[in-house]
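Undergrad: Give me the fold of what follows.
(chains A and B)
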Amino acid sequence: MKDLILAQLQQLVEALQAEGVFPADFSPTLQLDNTKDKAHGDLATNLALAGAKAAGQKPRDLANLLVARLQAQPELGKAVSKMEIAGPGFINFFLAQDALSAIVPRILNEGAQFGLGQQGQGQKVQVEFVSANPTGPLHIGHGRGAAIGDCLCRLLEATGWDVTREFYYNDAGAQINNLALSVQARVKGLGPDDPSWPADGYRGAYIQDVAVAYLAKETITADDQQVTGAADPEDLDAIRRFAVAFLRREQDLDLQAFGVQFDRYFLESSLYAEGRVEETVQRLIQQGYTYEEGGALWLRTTDFGDDKDRVMRKTDGGYTYFVPDVAYHLNKWQRGFTKVINEQGADHHSTITRVRAGLQALGENIPQGWPDYVLHQMVTVMRSGEEVKISKRAGSYVTLRDLIDEVGCDATRFFLAARAATSQLTFDIDLARSQSNENPVYYIQYAHARLCSVARQAEDKGYRWSLAEAEPVLETLVSEQEQQLLKWLARFPETLARAATELEPHQMAQYLRDLAAATHSWYNAQQFLVEDAAVRTARLALAAATRQVLAQGLGLLGVSAPEQM
RNA sequence: GCGCCUAUAGCUCAACCGGAUAGAGCAACGGCCUUCUAAGCCGUAGGUUGCAGGUUCGAGUCCUGCUGGGCGCGCCA
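TA: Here you go, the predicted structure:
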């Protein structure tokens, strides 16, 4: 519908260029917006306003010309019942009733394919998210990353991309060493308050769990590895391997409970083992962007917009973290991912410039803005009216598992994905628990469940219908609520496309609330199971289409669509 | 001091590459269940979009300055 009008506008612009009304270089991005006020019709374009200057006419005069020309198009006449010029020069389109209801058979015919796009054209995209180091359970911040990252993946899959979900972690650095030392201390029977407890040790109670399992020679099976405890208190390397596997498994269980599944786990140590770090360093040296100073090797990242140069190789001979980071991203590029999205917490935003600078310095013709980043702002957790400070080492923080257990997977996912990533998030646990009935996710799920219930009862009463029967009677869907609902249904494809293109899952969540609101309003305004077979069939068809779109939308957020509450 | 994000109703947040009278939920107030699920609906109230300028037909949105909040600014990751 929208496409039809846009195509007509495009044709018109080209025709007017040929006639000399518009200059030949006039190429506006055609805008056809959903209106906020129904008095302004269904769709509106600002073409007369945007093109007034180019055409040398007053906006309203130009609008008159445009409308006259559009009215001469017979195809448009079928879809548009009325065009009006309003305000400073907007052209408002009022859609014909049968054009609106045509969305119902389209939805039901296309089924699960409805609204899906092909923008990705089957191209590969890699999305890296969560990427938590295995030094403790996942916390709420990781949860936000998991919710946003996974929803992004679902949106990209729905728009024709071949998505790889990847989780990168450091299994060999200083923090992992701290972890191993902490577990070793527990293995030897020490507690966090003991004077000889490691200075930077992890104090959380879960360290004790690791130690007990290690001594019991448990075999740990994580998604990407399997390790058996050696039970030897002196074998720090064995403790380290065991602890990493143990905490990886814990994270995997949390992610599984959260409905997130990765295609690949990427170990930082593999970059060293396969010589990729060393290779990256050598290439950077060859490219001439490095220099030695103060016993360290530096990369001239200031050549690529950084505010200071960065150390690559420390005086102790080890590499700083950003070198394997660059090696990892080179590897992504070499694997053929021309599109890569990194979803991370905003506290790591300084790595963006560094990684991109390193990639530029490699001279591989990697595009300057590659890879894409989606940064989410910090999550503040409130419990009992107080802010809970997140501190891994102190061991006091809210885990993702806590949230899933207390609030539920659906509500947690929705809550964490429903807000723009750029916005800071306050998660009040008491509120989420005590008022869970008023959580927006239930509002949407309830709309879905209600429509399922209607379908069940129609079935019980023998009110059968088919799409073929429904199509001729859809013109009976004339009430205010039905018209409104039809419009919202028609917006699903464009909402999906926008959310995917702009990497903003919250747009889908926002849309679903609006769609659910339109559903509830309709539900309360009219009966479905009425005597009049034509009206009943039309309404049942609309209900089925709405139910389907609600389920599709919830699926894109990774939230379930229950058939009853 | 520098960089990134941010400031919208009492609270939590939206607002479609600049569009018409800035919208939802929660909280408040008033209505609606002998009818398909009241986890719902309908209505009322609530705003100088942090402040001051600028750009233009038009600014919550873009630019400049200021103020407040968050996060970074390591030879940690």
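Undergrad: Check the burial of the nearest residue to A:Gln287 once chain neighbours are set aside by counting its neighbours.
TA: Excluding the flanking residues, the one nearest A:Gln287 by CB to CB, 6 or more residues apart in numbering is A:Gly363, at 4.9 Å. Backbone N, C-alpha and C define where each C-beta goes, glycine included. Neighbourhood size, A:Gly363 [other CB atoms under 10 Å]: 13.
Undergrad: before we move on, what about A:Arg491?
TA: 18.
Undergrad: quick one: it from A:Gln510, how far?
TA: 11 Å (CB to CB, to the nearest Å).
Undergrad: and A:Asp254, what does it touch?
TA: Applying CB atoms under 8 Å, 6 or more residues apart in numbering, one finds that A:Asp254 lies in contact with A:Pro137, A:Leu138, A:Thr399, A:Leu400, A:Arg401, A:Ile404.
Undergrad: That one sits in which helix or strand?
TA: helix A:236-257 (DSSP states H and E).
Undergrad: ok so, going back, give me the secondary structure label for the residue nearest to A:Gln287.
TA: coil (DSSP: H, G, I helix; E, B strand; the rest coil).
Undergrad: Now it. Its backbone dihedrals?
TA: phi 70, psi 30 (degrees, to the nearest 10).
Undergrad: And for A:Pro198?
TA: phi -50, psi 140.
Undergrad: quick one: it and A:Pro134, what's the gap?
TA: Taken as CB to CB, the span from A:Pro198 to A:Pro134 is 17 Å.
Undergrad: Ok, A:Gly191 next?
TA: Taking CB to CB, one finds A:Gly191 at 22 Å from A:Pro134.
Undergrad: okay, which residue is most central for chain A?
TA: The residue lying closest to the centre of chain A (CA atoms, centre = their mean) is A:Leu152, at 2.8 Å.
Undergrad: In terms of helices and strands, where is that one?
TA: Counting by DSSP H and E, the element that carries A:Leu152 is helix A:140-158.
Undergrad: isn't A:Glu279 right next to A:Val326, touching?
TA: No - A:Glu279 lies out of contact with A:Val326 (CB atoms under 8 Å); the separation is 10.8 Å.
Undergrad: can you list the weak-confidence ranges in the stretch 251-400 of chain A?
TA: Applying pLDDT under 70 to the stretch 251-400 of chain A flags residues A:389-396.
Undergrad: Mind jotting down where the helices sit in it?
TA: A:268-273, A:276-286, A:322-334, A:350-361, A:400-407 (DSSP state H, counting those that start in this stretch).
Undergrad: now for the helix or strand just after the last one, which elements pack on it?
TA: It refers to helix A:400-407. Once helix A:400-407 ends, the next helix or strand along the chain (criterion: DSSP H and E) is helix A:409-417. Judged by 3 or more CB pairs under 8 Å, 6 or more residues apart in numbering; DSSP states H and E, helix A:409-417 is in contact with helix A:140-158, helix A:400-407, strand A:425-428, helix A:429-434, helix A:440-460, helix A:506-525, helix A:533-557.
Undergrad: circling back to that earlier point, mind putting the helices of the stretch 251-400 of chain A into CSV with distance to A:Ile207 and mean neighbour count?
TA: Shown next, in CSV, are the helices of the stretch 251-400 of chain A (distance: least, CB to CB, whole Å; neighbours: other CB atoms under 10 Å):
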stretch, distance to A:Ile207, mean neighbour count
helix A:268-273, 22, 18
helix A:276-286, 30, 17
helix A:322-334, 26, 21
helix A:350-361, 28, 20
helix A:400-407, 16, 20
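Undergrad: Tell me which of the ones you listed approaches A:Val13 most closely.
TA: Among the helices of the stretch 251-400 of chain A, the nearest to A:Val13 by CB to CB is helix A:350-361 (38.0 Å).
Undergrad: Report whether the closest one contacts RNA strand B.
TA: Yes - Helix A:350-361 reaches RNA strand B (CB under 7 Å from any atom of the strand) through A:Ser350, A:Thr351.
Undergrad: Alpha carbons of that helix, as PDB, please.
TA: What follows is helix A:350-361 as a C-alpha-only set of coordinates in PDB (Å, rounded to 0.1, in the frame of the first residue of the first chain):
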ATOM      1  CA  SER A 350      37.100   3.500  24.100                       C
ATOM      2  CA  THR A 351      38.000   0.200  22.400                       C
ATOM      3  CA  ILE A 352      36.200   1.300  19.300                       C
ATOM      4  CA  THR A 353      38.700   3.800  18.100                       C
ATOM      5  CA  ARG A 354      41.600   1.600  19.000                       C
ATOM      6  CA  VAL A 355      40.300  -1.500  17.200                       C
ATOM      7  CA  ARG A 356      39.300   0.400  14.100                       C
ATOM      8  CA  ALA A 357      42.700   2.200  14.100                       C
ATOM      9  CA  GLY A 358      44.500  -1.100  14.400                       C
ATOM     10  CA  LEU A 359      42.400  -2.500  11.500                       C
ATOM     11  CA  GLN A 360      43.200   0.500   9.300                       C
ATOM     12  CA  ALA A 361      46.900   0.300  10.100                       C
END
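Undergrad: ok, now how distant is A:Ala245 from RNA strand B?
TA: 18 Å (CB to the nearest atom of the strand, to the nearest Å).
Undergrad: wait, isn't that residue in contact with A:Ala222?
TA: Yes - applying CB under 8 Å, one finds A:Ala245 in contact with A:Ala222, separated by 5.4 Å.
Undergrad: Of the two, which one has the most company?
TA: A side-by-side neighbour count of A:Ala245 and A:Ala222, using other CB under 10 Å, places A:Ala245 first with 25 against 19.
Undergrad: List the contacts of that one.
TA: A:Ile220, A:Ala222, A:Gln225, A:Gln226, A:Val227.
Undergrad: Just the closest of the residues you listed to A:Gln261, please.
TA: A:Ala222 (13.5 Å).
Undergrad: Wait, A:Ser269 touches A:Tyr168, no?
TA: No - the pair A:Ser269 and A:Tyr168 fails to qualify as a contact (CB under 8 Å) at a distance of 11.3 Å.
Undergrad: which residues are in contact with both of those two?
TA: The contact sets of A:Ser269 and A:Tyr168 do not overlap (CB under 8 Å, 6+ apart).
Undergrad: Now stretch A:231-239: buried residues?
TA: A:Ala231, A:Pro233, A:Asp235, A:Ala238, A:Ile239 (16 or more other CB atoms under 10 Å).
Undergrad: which of these are close to RNA strand B?
TA: Okay, of these, nothing touches RNA strand B (CB under 7 Å from any atom of the strand).
Undergrad: residues touching A:Ile5, list them.
TA: A:Leu32, A:Leu43, A:Thr45, A:Leu76, A:Ala79, A:Val80, A:Phe93.
Undergrad: let's see it at 6 Å
TA: A:Ile5 is in contact with A:Leu32, counting by CB atoms under 6 Å, 6 or more residues apart in numbering.
Undergrad: can you tell me if stretch A:460-467 touches RNA strand B.
TA: No - shown here: stretch A:460-467 not in contact with RNA strand B (CB under 7 Å from any atom of the strand), separated by at least 9.2 Å.
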